[in-house]
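Q: Using only what follows, build the 3D model:
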Amino acid sequence: MAEVDIIPKIRCDNCGLTVEKEVRGTGASRSFHRPGTWGSIKAEGGRSTDSYGGKEKLAFPDLCQTCADLALEAAAAALKTRRGEG
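A: Numbering: from 1, shown residues only. Below is the predicted model:
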């Protein structure tokens, strides 16, 4: 019988782009990892948080390269404006 190689997939938490995870190693030491170009963002606000996941927290553990870059640029621009440099 033919051997079937199943590679897990990963999906961007923002736009939904789905790609195969990267394979590292061979044989028994083979493992699957998030693509190296992908990123994540986690931020916590200063407001009190509720147990229902209100907007006081922002957590996207898996972001494709485009969404990760946009999130970083948006956060940097907002903080720059707040400092009065924008």
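
Q: What's the local residue count around residue 2?
A: 4 (other C-beta atoms under 10 Å). Placement of C-beta: from N, CA and C, glycine included.

Q: meant to ask about residue 14, not that
A: Residue 14 has 16 nearby residues by other C-beta under 10 Å.

Q: go on, residue 15?
A: Around residue 15 there are 12 residues (other C-beta under 10 Å).

Q: again, but for the one 3 residues further on
A: For residue 18, the tally of surrounding residues (other C-beta under 10 Å) stands at 10.

Q: what ranges do the helices span in this protein?
A: 65-83 (DSSP state H).

Q: From the centroid of it, which residue is nearest?
A: In the chain, the C-alpha nearest the mean C-alpha coordinate belongs to residue 62, at 2.3 Å (C-alpha atoms, centre = their mean).

Q: Surely that residue touches residue 10?
A: Yes: checked against C-beta atoms under 8 Å, the pair residue 62 and residue 10 is within contact range at 5.8 Å.

Q: what's the overlap in contacts for the two?
A: 34, 38 (C-beta atoms under 8 Å, 6 or more residues apart in numbering).

Q: now the strands for this protein?
A: Secondary structure of the chain (DSSP state E): strands located at 9-11, 18-20, 22-24, 31-33, 39-44, 57-63.

Q: So for residue 71, which of those sits nearest?
A: strand 39-44 (4.7 Å; C-beta to C-beta).

Q: Can you check the pLDDT for the residue nearest to residue 66 when sequence neighbours are not counted?
A: Excluding the flanking residues, the one nearest residue 66 by C-beta to C-beta, 6 or more residues apart in numbering is residue 15, at 7.4 Å. Residue 15 carries a pLDDT value of 97.
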